[in-house]
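Chemist: coords below, sequence missing:
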């Protein structure tokens with residue numbers, strides 16, 4: 001199904017901020033809403049927000065012309081706009097890596113409707129995009145500092161990428177606390193989840209030096225350098241992956 005974006009009411013995307021945004025605050029609300037009014041939100045990101053927001057809309061469906069669209073319809077269209085499946089079954093990006101691509105994948109990751117294989121795929125691809133766009137500290141000395149960037153937009157984009165990373169980290173922790181019974185298997189060291197379920201225990205020390213998200217006021221006003229630098233480096237124990 002191809003969704004006609006022209007008649008999409010803005011209210012269905014804005015409802016995302018009313019019900020989903022407080023938990024998944026990976027979008028910069030002021031700039032997103034301004035772009036939404038002007039029609040500049042990339043379609044894949046718009047569809048991903050609709051996929052989550054529509055679950056809180058009466059009937060969990062919306063009309064677009066003669067179409068009745070559900071969360072699955074929006075999620076499928078968002079995926080099809082950014083990913084192709086190769087003959088080997090691997091997902092290939094249709095468009096260049098960008099902040100909005102990472103945000104789209106992260107939002108799709110949190111959708112209840114998606115199957116586990118897609119979730120693993122979205123997780124890995126989103127982390128790949130954040131690293132390709134330079135989220136990782138380049139040295140030990142950067143663990144307690146944040147370099148000044150040329151524009152506030154660049155600062156905001158980097159903060160959005162960090163929020164994508166930590167949102168995935170929280171998702172990984174959540175699924176390790178409540179793993180499906182079918183995901184467990186026996187290892188020589190004990191009854192551990194399968195390797196794909198051990199992601200929180202496989203994060204590197206460099207990743208743990210990634211800055212934690214700033215407070216919402218500093219984020220919305222793009223005053224990131226006025227907020228204290230915080231990380232979880234040295235505050236949590238990250239166990240090595242044991243297989």
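Modeler: Right, received. Where do you want to start? Note that the structure is a prediction, hence the values are computed from the model and not measured. Numbers count the residues shown, from 1 in each chain.

Chemist: Kindly list the longest helix within this protein.
Modeler: helix 152-177 (DSSP state H).

Chemist: Check which helices and strands that helix sits against.
Modeler: The helices and strands touching helix 152-177, judged by 3 or more CB pairs under 8 Å, 6 or more residues apart in numbering; DSSP states H and E, are helix 99-109, helix 116-132. For glycine as for every other residue, the C-beta is placed from the backbone atoms N, C-alpha and C.

Chemist: and these, which is most packed in?
Modeler: Among the helices and strands packed on helix 152-177, ranked by average contacts under mean count of other CB atoms under 10 Å, first place goes to helix 99-109 (a mean of 27).

Chemist: List the neighbours of that one that are in contact with it.
Modeler: 24, 26-27, 42, 44-45, 48-49, 51-52, 75, 78-79, 82, 93, 95, 114, 118-119, 122-123, 125-126, 129-130, 133, 157, 160-161, 164, 167-168, 171 (CB atoms under 8 Å, 6 or more residues apart in numbering).

Chemist: which stretches of this structure form strands?
Modeler: For the chain, the strands defined by DSSP state E cover 62-64, 67-69, 83-85, 91-93.

Chemist: can you list the helices and strands packed on helix 152-177 in JSON lines and add mean pLDDT and distance to residue 206?
Modeler: Converted to JSON lines, these look like this (pLDDT from 0 to 100; distance: least, CB to CB, whole Å):
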{"stretch": "helix 99-109", "mean pLDDT": "95", "distance to residue 206": "18"}
{"stretch": "helix 116-132", "mean pLDDT": "88", "distance to residue 206": "10"}
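
Chemist: Where do the domain boundaries of this structure fall?
Modeler: 1-101, 134-243 (automatic domain parsing).

Chemist: Pull out the buried residues from the longest helix of the chain.
Modeler: Across helix 152-177, burial judged by 16 or more other CB atoms under 10 Å covers 155-169, 171-172, 175.

Chemist: Kindly report the same for stretch 131-139.
Modeler: For stretch 131-139, by 16+ other CB under 10 Å, it's 131, 133, 135, 137.
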